[in-house]
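*Asks:* pasting the sequence and the predicted coordinates here, then a few questions.
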Amino acid sequence: MNYASIIAKKEMRGYITSPAAYIVLVIFLLLGGWFFANPLFLNNQADMRGLFSLIPIIYLFFIPAITMGLLAKERNNGTIELLTTLPIKDSDIIMGKFWASLLLIGIGLLFTLIHVLTIVILGKNIDYGSIFCGYLGLIFLGGVYSAIGIFSSSITSNQIVAFIISFFIVFFLFILQYSLLFIPGFLTGIFQYLSVSYHFSNISRGVIDTRNIIYFLSLIVVFLKLSQFALSSRKWK
């Protein structure tokens, strides 16, 4: 039996029945729609580059908000003890919650395809390859931020604290690319490679390099493993 999928379905039901998830999704879509439509009406320009530049910033708040309660809420309610005593691997618990959060992010991105349809209707020239790469980069970025959010949620029982921890970690990784001027030259390459913005910008420009994919996958694995360790260590307290 695939317990991870069962947990993912449980979390999705929780999102569906939670007004908070709808509020976060609506805000996400409204902000995306505004920044897509603004240049369209003011400058008669319609493309996805502005949206692809904006969504990583929205992610800084959107993803910590949807992941902050995945484990923290269960710890606060005491249901995590019941969950960890069931014949379910800790990895299944973590992966189930990860897939649920990533699916919700995917749903949010799916609604933004209406902007692509708008460009098609307006008869604008469309580079489908760059659009595909942009969405691919957003999925990888969402996966990294989700893994960080789950880790933050695994080390505290307070959802607000989990949100703050997650926000500061993702903000640090995001801002590195824009802080290179203040970093000694011999460290520039290291800090640039650690920046999620650097790797996302490469993919969104259409450069699908294995180094970028390995970077994203490595961060996802590291933070999910840290979440699993935090969950496992709770059993021995």
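*Replies:* Noted; the coordinates are in hand.
*Asks:* immediately after the strand or helix carrying residue 133, which helix or strand?
*Replies:* In the assignment (DSSP states H and E), residue 133 maps to helix 128-154. For helix 128-154, the following helix or strand on the C-terminal side (DSSP H and E) is helix 159-175.
*Asks:* buried ones in that following helix?
*Replies:* With burial defined by 16 or more other Cβ atoms under 10 Å, the residues of helix 159-175 counted as buried are 159, 162-163, 165-167, 169-170, 173-174. (C-beta placed from N, C-alpha, C; glycine too.)
*Asks:* who touches it?
*Replies:* In this structure, residues lying in contact with helix 159-175 by Cβ atoms under 8 Å, 6 or more residues apart in numbering are 56-57, 59-61, 63-65, 67-69, 71-73, 76, 144-145, 148-149, 151-153, 155-156, 194-197.
*Asks:* how about 6 Å then?
*Replies:* 60, 64, 68-69, 72, 145, 148-149, 152-153, 156, 196-197 (Cβ atoms under 6 Å, 6 or more residues apart in numbering).
*Asks:* now swap in stretch 62-73 and tell me
*Replies:* In this structure, residues lying in contact with stretch 62-73 by Cβ under 6 Å, 6+ apart are 24, 28, 97, 101, 104, 145-146, 149-150, 153-154, 156-157, 159, 162-163, 166-167.
*Asks:* quick one, what contacts the residue positioned nearest the centre of the chain?
*Replies:* With distances taken as Cα atoms, centre = their mean, residue 142 lies nearest the centre of the chain, 2.4 Å away. With contact taken as Cβ under 6 Å, 6+ apart, residue 142 is in contact with residue 105.
*Asks:* for residue 187, give its distance to residue 216.
*Replies:* Computed as Cβ to Cβ, to the nearest Å, the residue 187 to residue 216 distance reads 22 Å.
*Asks:* correction: residue 115
*Replies:* Shown here: residue 115 relative to residue 216, a distance of 24 Å by Cβ to Cβ.
*Asks:* how about residue 24?
*Replies:* For residue 24, the distance to residue 216 (Cβ to Cβ) stands at 23 Å.
*Asks:* more neighbours: which of the two?
*Replies:* Shown here are residue 24 and residue 216; by other Cβ atoms under 10 Å, residue 216 has more neighbours (22 against 19).
*Asks:* what sits against the more buried one?
*Replies:* Per Cβ under 6 Å, 6+ apart, neighbours of residue 216: 140, 144.
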